[in-house]
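A.B. asks: below are the sequence and a predicted model for it; my questions follow.
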Amino acid sequence: MNQRALSLDILRGLAIIGMIISGNIAWNPGLSPWFFHAQTPPPDFAFNPDLPGITWVDLVFPFFLFSLGAALPFALGRRLDSGEPLRSVLWSVLRRGVLLAFFAIVLGNSKIWDLARTVSSGSGRVAMTLGLWGGFFLLFIRLKTLTKRGNNLLNLGGGVLCVVMMCLYDAVGAEFSIYRSDTIILVLASIVLAASVIWVLTRHNLPLRIVLFLVLAMLKIGATFPDTWQAAVWNSSPVEWLFRFRCLEYLIVALPGTVAGELLLEWRMRTGNPDCAKPDVRLWPVAVLGLGVVTVNLLLLFYRELSWNISLTLLSGAVMVGLLLRAGVGREEPVCKMFLMGLLLLVLGLCVEPLQGGIKKDPATLGFHWVTSGMATLTLVFLEMGVRQFGIRRGLLCACGQNPMIAYTAAAYVVLPVLSLFIPWLWDGYSEAGAVVRGFAIALLAMLFTSVFTRRRLFWRT
């Protein structure tokens with residue numbers, strides 16, 4: 001049986017492309033707040049931590065973390081089932097976390113617009129940026145034509161090239177600082193390590209994983225009160241530039257992802273040949289309604305219509321449960337459990353929404369974690385049913401989801417630098433429509449670039 005879930009690749013691809021689009025929409029003060037993080041709205045884009053609500057931009061990071069958790073039963077489970085020693089699996093997890101932390105620090109010190117202040121030559125800036133991307137390529141690529149030793153030497157060479165390029169950046173005035181890093185990737189490094197270890201240790205003990213999930217949630221609530229031991233633990237940072245304990249709050253998103261991944265894997269196993277098995281037609285109304293619930297919550301939480309939101313969610317949830325009971329279970333039992341889990345997380349998130357001044361991504365509230373986890377679960381089920389029903393086998397979103405690290409770096413380290421050589425007004429102001437088109441155009445080019453490597457089976461791996 002194919003151990004790769006294309007629905008999970010698409011969900012991860014949606015998150016990555018969402019990051020690229022949102023990061024490349026030009027900041028035009030006339031645009032709607034819908035195109036930006038809810039806490040940094042136009043016209044001045046000043047960060048306001050007291051402003052509640054979420055936009056679609058706020059979903060991309062938790063959806064990516066949820067996808068990370070859901071992928072663990074597929075990736076680590078396959079290795080453990082094949083008889084690979086536990087110590088070997090844990091060692092690879094540690095190696096992955098270290099590499100991601102290194103990647104985060106290099107990313108944080110190497111943006112092309114930072115070079116603009118110190119390097120006058122446009123071609124020089126582009127050459128340095130592309131050279132660094134070449135270092136990333138060598139660091140993370142695994143070639144089937146090489147032996148394990150050969151790949152290790154290739155990766156080592158890539159790491160050395162990245163260090164050399166950082167020295168060059170420092171030499172031209174773009175000062176290197178170990179305290180400057182890419183926040184998304186640095187958080188990802190911590191979550192990859194913690195979620196992997198927790199999943200391995202609780203693989204056959206779901207109640208223990210649920211207890212850890214609830215402990216984290218309660219600790220997060222306790223940390224909102226100053227001068228408490230919970231706040232002291234939550235805000236501690238044994239290595240300031242590398243790890244902050246509060247980053248583990250995103251396990252509240254990743255751990256439900258691991259449960260969804262287990263259910264998805266069980267669902268695929270029950271159907272025999274999941275790539276050819278059509279879903280039970282009676283589940284389609286539930287899947288469509290579930291995606292509708294995601295859309296309604298996103299809109300009404302943004303517009304702060306909270307009474308309408310909880311009422312419509314509960315009504316839709318009751319209809320979904322009724323449809324599931326009528327459809328029965330059988331081989332589709334795992335997907336029924338996924339629907340119920342997603343609905344439960346969403347309702348729990350709405351129940352605690354008023355905590356910490358209303359739902360927010362930054363600083364992330366408990367309601368934000370639970371609501372987005374529920375949304376991601378319902379979206380994943382819809383995508384899995386769509387993949388099976390329509391026989392989706394490839395596409396740009398799949399390509400980006402299967403090669404997320406290339407997709408993540410494609411825009412800033414390849415597309416934008418190359419375009420800047422031919423389009424001198426690339427960084428200038430845009431009209432409202434042009435600002436949005438810019439984000440989608442750059443994302444499309446990044447997707448096309450990533451797909452070239454994915455089709456040739458050239459994957460970056462940590």
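C.D. replies: Thanks, I have the structure now.

A.B. asks: and the gap between the residue most central in space within the chain and residue 84?
C.D. replies: By CA atoms, centre = their mean, the mean C-alpha position of the chain lies nearest to residue 64, the distance being 1.6 Å. From residue 64 across to residue 84, the span is 26 Å (CB to CB, to the nearest Å). Bear in mind the C-beta positions are built from the backbone N, C-alpha and C, glycine included.

A.B. asks: cool, and residue 7?
C.D. replies: Applying CB to CB to residue 7 and residue 84 gives a distance of 26 Å.

A.B. asks: between the two, who's got more neighbours?
C.D. replies: Using other CB atoms under 10 Å, the more surrounded residue of residue 7 and residue 84 is residue 7, with 25 against 13.

A.B. asks: tell me the secondary structure for that one?
C.D. replies: Following DSSP: H, G, I helix; E, B strand; the rest coil, residue 7 is assigned to helix.

A.B. asks: tell me which residues are up against stretch 440-457.
C.D. replies: In this structure, residues lying in contact with stretch 440-457 by CB atoms under 8 Å, 6 or more residues apart in numbering are 17, 20-21, 24, 144, 396-400, 402-403, 406-407, 410-411, 414-416, 419, 459.

A.B. asks: where do the helices sit along the stretch 1-150 of the chain?
C.D. replies: 6-24, 60-81, 86-108, 112-115, 122-140, 148-171 (DSSP state H, counting those that start in this stretch).

A.B. asks: elements contacting the second one?
C.D. replies: Meaning helix 60-81. The contact analysis (3 or more CB pairs under 8 Å, 6 or more residues apart in numbering; DSSP states H and E) places helix 60-81 against helix 6-24, helix 86-108, helix 183-201, helix 251-270, helix 366-390.

A.B. asks: on that earlier part again, strands - which of the contacts of stretch 440-457 land there?
C.D. replies: Using DSSP state E, no member of those falls in strands.

A.B. asks: emit the PyMOL select command for whichever of the residues you listed are buried.
C.D. replies: To isolate the buried members of these in PyMOL, using 16 or more other CB atoms under 10 Å:
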select buried, resi 17+20+21+24+396+397+398+399+400+402+403+406+407+410+411+414+415+416+459
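
A.B. asks: ok, back up a step: contacts only, for the residue nearest to the centre of the chain.
C.D. replies: 12, 15-16, 19, 188, 404 are the contacts of residue 64 under CB under 8 Å, 6+ apart.

A.B. asks: from these, which is closest to residue 71?
C.D. replies: residue 12 (7.7 Å; CB to CB).

A.B. asks: convert the lowest-mean-pLDDT helix or strand in the chain to CSV, retaining C-alpha atoms only.
C.D. replies: Lowest on mean pLDDT, DSSP states H and E among the helices and strands of the chain sits helix 112-115, with a mean of 79. Coordinates of each C-alpha in helix 112-115 appear next as CSV, following Å, rounded to 0.1, in the frame of the first residue of the first chain:
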residue,chain,number,x,y,z
ILE,A,112,18.1,39.9,0.0
TRP,A,113,16.5,43.2,1.2
ASP,A,114,19.0,43.3,4.1
LEU,A,115,21.8,43.2,1.5
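
A.B. asks: tell me which other helices or strands that helix touches.
C.D. replies: Judged by 3+ CB pairs under 8 Å, 6+ apart, helix 112-115 is in contact with helix 122-140, helix 416-422.

A.B. asks: which residues are contacting it?
C.D. replies: 125-126, 128-129, 169, 172, 174, 412-413, 416-417, 420, 427.

A.B. asks: need the nearest residue in space to residue 415, chain neighbours excluded.
C.D. replies: residue 445 (4.7 Å; CB to CB, 6 or more residues apart in numbering).

A.B. asks: kindly report the same for residue 375.
C.D. replies: With sequence-adjacent residues excluded and distances taken as CB to CB, 6+ apart, residue 375 is closest to residue 294, at 4.6 Å.

A.B. asks: helix, strand or coil for that neighbour?
C.D. replies: Recorded secondary structure, residue 294: helix (three-state DSSP).

A.B. asks: how many neighbours does the residue nearest to residue 415 have?
C.D. replies: Residue 445 has 18 neighbouring residues, counting by other CB under 10 Å.

A.B. asks: now residue 177
C.D. replies: There are 11 residues near residue 177, going by other CB under 10 Å.

A.B. asks: and the one 4 residues further on, by the same measure?
C.D. replies: When counting by other CB under 10 Å, one arrives at 22 neighbours for residue 181.

A.B. asks: confirm for me that it is in contact with residue 241.
C.D. replies: Yes. Using CB atoms under 8 Å, residue 181 is in contact with residue 241, at 7.2 Å.

A.B. asks: what is in contact with those two at once?
C.D. replies: Listed as contacting both residue 181 and residue 241 by CB under 8 Å, 6+ apart are residue 105.

A.B. asks: model confidence over the helix or strand encompassing residue 440, on average?
C.D. replies: Secondary-structure assignment from DSSP states H and E places residue 440 in helix 432-455. Averaged across helix 432-455, pLDDT comes to 94.

A.B. asks: for it, buried residues please.
C.D. replies: For helix 432-455, burial by neighbour count (16+ other CB under 10 Å) applies to 435-436, 438-439, 442-443, 445-447, 449-451, 453-454.

A.B. asks: so who does residue 394 touch?
C.D. replies: So residue 394 contacts nothing (CB under 8 Å, 6+ apart).
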